[in-house]
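K.L.:
Pasting the sequence and the predicted coordinates here, then a few questions.
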Amino acid sequence: MSNKVDEILRGSFDLHVHTLPSPEADLRMDALDTGRHAHEAEMAGFVLKSHYYPTTPVAQLVSRVYPGLRVAGSIVLNNEVGGLNPTAVQAAADIGAKVVWMPTRSAAASGTPGLRLTSEDGALLPEVIAVLEVVRDADMVIASGHASPDDTLALLTAAKDIGVARAIVTHPVGTANSAQIRDMADLGAYIEHTFLSCMPSRQRTTPSQMVASIHENGAERCIVTTDFGQWMNPSPAEGMRMAIAELLNAGMSDDEVTTLVKNNPLGLIDP
């Protein structure tokens with residue numbers, strides 16, 4: 001089994017990784033150490049995500065330190081970058097960012113105040129359309145962040161209509177129901193499953209439950225990421241190794257796991 005895990009880990013790509021510095025979260029290591037672990041594991045790379053600042057400059061430097069490791073930058077449209085700010089997205093695109101997340105920490109959730117993607121009548125806000133146009137023109141990936149299921153469906157519908165090529169639904173299990181997730185996949189989005197949700201600090205799911213959820217829409221429409229970086233967890237590279245091992249142990253085939261952590265992520269970030 002360990003040989004299979006190592007084989008799949010080599011060349012895998014993690015679309016959701018957190019590192020220091022961070023103004024709020026107590027994270028485990030900085031981007032250089034995170035890159036070193038991924039490089040030593042012979043991963044293809046990862047996307048560097050911060051809830052608070054655009055990560056492309058740091059990502060590019062780490063890629064230079066570890067030749068052959070692809071570290072991609074991103075921007076999350078929280079209040080720290082002006083919220084739903086197409087100008088910030090354009091600036092991020094101009095320096096090579098690959099992923100744009102809708103609001104996460106600044107998003108409206110469970111009735112709390114925050115940024116929404118739609119108006120009261122359900123129409124997507126003009127600034128969100130403007131963001132999608134930048135994403136389309138720069139050939140970036142759009143991710144739903146912590147938007148509500150209804151807002152996510154509106155976002156994905158508009159993204160498809162205006163020609164955005166690639167979209168991710170950010171860890172919807174537990175927020176959206178099965179029918180909503182199926183509709184999101186039918187709109188062409190990839191459904192993210194984070195291994196963080198299996199960790200003791202979260203206790204939201206088990207590997208077997210994750211496998212069952214993936215099978216509802218098919219591995220070809222899903223991705224597995226770690227969402228690691230927290231102080232109590234191993235490095236993201238070790239998190240990816242653990243995810244691969246647990247998915248295989250829960251009954252997934254080698255080909256399915258390869259699709260989830262290698263083929264689909266690489267197709268999204270570097271089509």
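P.N.:
Okay, I see it. From a predicted model like this one, the values you see are computed outputs, not experimental measurements.

K.L.:
lowest-pLDDT helix or strand in this protein?
P.N.:
Every helix and strand of the chain was ranked by mean pLDDT, DSSP states H and E. The lowest is helix 2-9, at a mean of 94.

K.L.:
Summarise which helices and strands that one is packed against.
P.N.:
Using 3 or more C-beta pairs under 8 Å, 6 or more residues apart in numbering; DSSP states H and E as the contact test, the elements touching helix 2-9 are helix 236-249, helix 254-258. All C-beta spots, glycine's among them, are computed from the backbone N, C-alpha and C.

K.L.:
Out of those, which one sits most buried?
P.N.:
Most buried of the helices and strands packed on helix 2-9, by mean neighbour count (mean count of other C-beta atoms under 10 Å): helix 236-249, with a mean of 23.

K.L.:
quick one on the thing from earlier: using neighbour counts, pick out the buried residues of the least confident helix or strand of the chain.
P.N.:
5, 8-9 (16 or more other C-beta atoms under 10 Å).

K.L.:
Heading C-terminal from it, find the next helix or strand.
P.N.:
Of the helices and strands lying after helix 2-9 in sequence (DSSP states H and E), the nearest is strand 13-17.

K.L.:
gap between the helix or strand following that next one and the chain center?
P.N.:
With elements assigned by DSSP H and E, the helix or strand that comes after strand 13-17 is helix 31-40. Averaging C-alpha coordinates over helix 31-40 and over its chain gives two centres that are 18 Å apart (C-alpha atoms, centre = their mean, to the nearest Å).

K.L.:
which regions of the stretch 51-200 of the chain sit below the pLDDT cut-off?
P.N.:
Low-confidence segments of the stretch 51-200 of the chain, defined by pLDDT under 70, are located at 110-111.

K.L.:
now the helices for it?
P.N.:
Remark: helices assigned in the stretch 51-200 of the chain by DSSP state H, counting those that start in this stretch are 56-65, 86-94, 126-138, 149-162, 178-186.

K.L.:
now the helices and strands packed on helix 2-9 as CSV including mean pLDDT and distance to residue 106?
P.N.:
Rendered in CSV, the data for the helices and strands packed on helix 2-9 read as follows (pLDDT from 0 to 100; distance: least, C-beta to C-beta, whole Å):
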stretch, mean pLDDT, distance to residue 106
helix 236-249, 98, 24
helix 254-258, 98, 34
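
K.L.:
and of those, who's closest to residue 210?
P.N.:
When these are compared for distance to residue 210 using C-beta to C-beta, the nearest one is helix 236-249, at 7.4 Å.

K.L.:
Which neighbouring elements make contact with that closest one?
P.N.:
Taking 3+ C-beta pairs under 8 Å, 6+ apart as the contact definition, the neighbouring helices and strands of helix 236-249 are helix 2-9, strand 13-17, helix 31-40, helix 207-217, helix 254-258.

K.L.:
Which member of the buried residues of helix 2-9 is positioned nearest residue 271?
P.N.:
Relative to residue 271, the closest of these is residue 8; by C-beta to C-beta it sits at 21.0 Å.

K.L.:
what's the distance between that closest one and residue 90?
P.N.:
With distances taken as C-beta to C-beta, to the nearest Å, residue 8 is found 37 Å from residue 90.

K.L.:
repeat for residue 36
P.N.:
For residue 36, the distance to residue 90 under the criterion C-beta to C-beta works out to 32 Å.

K.L.:
And for residue 55?
P.N.:
As it turns out, when the distance is counted by C-beta to C-beta, residue 55 lies 16 Å from residue 90.

K.L.:
before we move on, the earlier item: can you list the helices and strands packed on helix 2-9 in CSV and add distance to residue 28?
P.N.:
Putting these into CSV (distance: least, C-beta to C-beta, whole Å) gives the following:
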stretch, distance to residue 28
helix 236-249, 9
helix 254-258, 25
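
K.L.:
quick one: which of these is nearest residue 151?
P.N.:
In terms of C-beta to C-beta, the element of the helices and strands packed on helix 2-9 nearest to residue 151 is helix 236-249, at 27.9 Å.
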